[in-house]
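[1] okay, sequence plus prediction incoming.
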Amino acid sequence: MIFEQIATGGCQSYLVGCTETRAAVLIDPEIRQLDRYLALISQEGLRLHYVIDTHTHADHFSAAKRIGEMLSVPIVMHHDSPAPFAGLRLDDGEMLAAGKLRFHALHTPGHTRDSMCIVVEDRVFTGDTLLIGATGRSDLPSGDPDQLYDSLFGKLLKLDPALLVYPAHDYKGRSHTTIGDEIANNPRLQKRERAEFTDMMRHLNLSAPDHLTEALRTNMSGGKTVTELLSDAAAGIPFMAAAELNAQLGTRANDLVVLDVREQSAFDAGHIPGARHLPRGQLEMRVDQDLPDPTLRILVYCEFGMISTLAAATLRQLGFMRAAGLDGGFKAWREGGLPVEK
């Protein structure tokens, strides 16, 4: 078996391939590792057959949809997944074939309604159902402590104790454990009676994951994260450094418009000399009135360079094909000691 474990902070994803046929499966991919997955697949001479999400993740952004589209492979989730882009849905007891490898699905709801574990040869990929020294929480949308109890004690923990356990998360730098070790040492699994286990799960008082709503909405719908929106916008526009803009302002070119898209109070407090003001929220409604010549060069800026990146990309989509962004925004201009007008 070809096996690569890829850690992204506390997130764990896995590339599993058949040595003989080079067929491969990618499990729980994280969007920040997209290029790394593609490089590993190429480096190992693999052909990806499936990309699997063990459940709807609430604490990281899945790369499953993006990879599935890029490589034209099925995106696999459990039958109960809300994701419209999951083209292949598994039920309990079904399996996938990738070369000589067989990936067996176990429906293990509790952390989420669509949680499943994947067993292949000597290991099980447990998603967030079973972690190293812990279990997945059951207080997030579609979680249920009673279902988690049944999934653990009625199904997952009845597997071979020697099976290697590879979870979707671990924040202490550990790579794996075994079913037997978890039964013996996992403090949550010592609560073997349903009532005491479910009571414990209902009173963990855990803080919500960072970016909970953004992760859920993107992983459930296939929409884009804010980071992806910014990345896509930045890929379609040029930028200008603050010092270069200052030099160009000195030439008094009459085809260059500097456009401040911050709110009125920020503009009044200080702006680039000669800048015009058009708040980002009014851009589409006022642009034809405020910028009647679409052939002009438009250098857009905001405070930090993010909102202006989106604004410059929007201007290009609207036909202002010479729109660009100020690299680093007004913050870079100010820190460069360049003149400020009030």
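    That came in fine, so what should we check first? Numbering: from 1, shown residues only.
[2] which residues are in contact with the closest residue to residue 307 other than its chain neighbours?
    Nearest residue to residue 307, sequence neighbours excluded (CB to CB, 6 or more residues apart in numbering): residue 280, at 5.3 Å. Backbone N, C-alpha and C define where each C-beta goes, glycine included. Counting by CB atoms under 8 Å, 6 or more residues apart in numbering, residue 280 touches 261, 262, 302, 307, 308, 310, 311.
[3] doesn't the fifth one lie inside a helix?
    Which is residue 308. Yes: per DSSP: H, G, I helix; E, B strand; the rest coil, residue 308 lies within a helix segment.
[4] what pLDDT does it get?
    Residue 308 is assigned 97 on the pLDDT scale.
[5] ranges for the helices of the protein?
    Counting by DSSP state H, the chain has these helices, from start to end: 34-43, 64-71, 145-153, 179-185, 194-202, 212-221, 226-235, 242-250, 264-269, 283-290, 307-317, 329-335.
[6] quick check: the two most widely separated of the contacts of residue 280?
    Taking CB to CB, the two most distant members of the contacts of residue 280 are 262 and 310; they sit 13.0 Å apart.
[7] how is the chain divided into domains?
    Taking automatic domain parsing as the reference, the chain has its domains at 2-223, 227-335.
[8] any chance of these in TSV with distance to residue 341 as columns?
    Output for these, formatted as TSV (distance: least, CB to CB, whole Å):
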stretch	distance to residue 341
domain 2-223	37
domain 227-335	4
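[9] would you mind saying which of these lies nearest residue 342?
    Taking the domains of the chain one by one with CB to CB, domain 227-335 is closest: 5.4 Å.
[10] and the closest one, how far out from the chain middle?
    28 Å (CA atoms, centre = their mean, to the nearest Å).
[11] make 41 the starting number, not 1.
    In the new count, where the first residue is 41, that last one comes out as domain 267-375.
[12] what residues of the lowest-mean-pLDDT helix or strand in the chain count as buried?
    In the chain, no helix or strand scores lower on mean pLDDT, DSSP states H and E than helix 252-261, which sits at a mean of 84. Residues of helix 252-261 classed as buried by neighbour count (16 or more other CB atoms under 10 Å): 254, 255, 256, 258, 259, 260.
[13] nearest spatial neighbour of the residue nearest the centre of the chain, skipping sequence neighbours?
    Nearest to the geometric centre of the chain sits residue 101, at 1.9 Å (CA atoms, centre = their mean). Nearest non-adjacent residue to residue 101, counting by CB to CB, 6+ apart: residue 71, 4.3 Å away.
[14] right, I'll leave it there.
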